[in-house]
Every structure is written in structure tokens, then in C-alpha cells.
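Enquirer: What follows is a predicted structure for the sequence shown.
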Amino acid sequence: MAILRSRGSRTRQSTSDEFLIRALYEEHGKALLAYATRLTGDRQAAEDVVQETLIRAWRHPEVMANGEGSVRGWLLTVTRNIVTDRYRAKAARPKEVAESETAAASAGSVQRDHADAVVDSMVLAEALDRLSPEHRDVLVEIYYRGHTAAEAAGRLGIAEGTVKSRAHYALKSLRALYARRSDSNASLQEVAA
């Protein structure tokens, strides 16, 4: 019996709450919406603010029933506080920008991730360390410093044919190192799978 009474009182309470909110909206809704629109400058945002104001009124029905002060004054104050809170929250986080604007504005300023280049340079440096100093010097002159075979020969004090021969064998040695490295990586991936 007590359960039935509490359900009945809950039903009456929700009905009276609904009546209260409907009555508040009918009496003060237009004024709240006009005030919120003036504060926000945006009709949709103003509608959200009015909805939040009415939710707060629903959560605090004692304010509506206490008879002290103006109900409209309280609602307008709540509306202003909600707009102020939203303004402060928006100012605290970065400006929201549409994706297409972001892509167009920052297309030139976005930098590629350089992690792959770092790994490649580390692997290449390791491979160059495994070469003989003669082979390494030839590759550095030709590929890093951009010299021709004749210029590299002059800088290294060796014949041009020797530069070409050492470059050939150095590259062949690097290919073999990379082939062994990829085979070991493939074996590791098979073990992991």
C-alpha cells in the first residue's frame, strides 16, 4: 500500500513539475528567448540557454514557490549566468574551426612526420659504418656531397676509375646488408604472428 502511495505521489509530483515548467515557459519563454538572443547573438544558442534555464527552474522549484522576489527576475539572472558561463568556457578553449577551413588554412604549414626519415638515416649510418673507409669515403663524396666521379677522384687523390669501382662495390655491399636485414625482419614478423 505504501508503495502505491509513493508511486501516486511521484506521478502527481511529475505532473505538477511538468505543469510548472509549461506555465513558466508560457509566461516567461518569449522574454527569456529575446533576452538570451540579445546576449548570444544566435537564435539556436539562445534556445539552448532558455532550455537550460527552465531545467534549472525545474531542479529548484522552491525558488518559484517561495514568493520572494520576481520569478522573471530570477529566470533572467539564471539566463545571464548561463550565457556568461558559456562565454567563459568558450574563451578557455581554442577556437572551433570547420575541418575544411583547417585543411585549407594549414595545408602549407603542416609538416610531415619525420620519424621515418630519422630511422632511415640511422639505418644508413649503421650500414655505412660497416663499409670499409675507402668505400664509405667514395659514397660520401658522390651521394652526400653531390660530386661527380672526377671531382671525388680529385678530392680523394685516387683515379676516376677507382672511384667508380669502389662506388659499385660499396652499393653492392649495402644492398646485401639491406637484403639480410629485411630477411631477418621478415623472420621476426613470422615468429610474432
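Expert: On my side now, so go ahead.

Enquirer: The closest residue in space to residue 29 that isn't next to it in sequence: helix or strand, and which one exactly?
Expert: Closest residue to residue 29 apart from its sequence neighbours, by Cβ to Cβ, 6 or more residues apart in numbering: residue 50 at 6.7 Å. (C-beta placed from N, C-alpha, C; glycine too.) Using DSSP states H and E, the element containing residue 50 is helix 43-59.

Enquirer: Which element is encountered next along the chain beyond that helix?
Expert: Note on helix 43-59: by DSSP H and E, the next helix or strand toward the C-terminus is helix 61-65.

Enquirer: Give me the residues contacting that following helix.
Expert: Contact with helix 61-65 is made by 17, 20, 24, 57, 71, 74, as judged by Cβ atoms under 8 Å, 6 or more residues apart in numbering.

Enquirer: mind listing what's buried in that helix?
Expert: residue 64 (16 or more other Cβ atoms under 10 Å).

Enquirer: for stretch 147-164, same thing?
Expert: Result for stretch 147-164 [16+ other Cβ under 10 Å]: buried residues 147, 149, 152, 153, 156, 158, 163.

Enquirer: Select from the residues you listed every entry located in helices.
Expert: 149, 152, 153, 156, 163 (DSSP state H).

Enquirer: Identify, from these, the entry nearest to residue 123.
Expert: Checking these against residue 123 with Cβ to Cβ, the nearest one is residue 152 at 23.6 Å.

Enquirer: Would you mind measuring from that closest one to residue 127?
Expert: 19 Å (Cβ to Cβ, to the nearest Å).

Enquirer: ditto for residue 116
Expert: For residue 116, the distance to residue 127 (Cβ to Cβ) stands at 16 Å.

Enquirer: The two: which is more packed in?
Expert: Taking neighbours as other Cβ atoms under 10 Å, residue 116 and residue 127 compare with residue 127 leading, 19 against 9.

Enquirer: which SS class is that one?
Expert: The three-state label for residue 127, taken from DSSP: H, G, I helix; E, B strand; the rest coil, comes out as helix.

Enquirer: ok, and the closest non-adjacent residue to residue 128?
Expert: Closest to residue 128 by Cβ to Cβ, 6+ apart is residue 136, at 5.3 Å.
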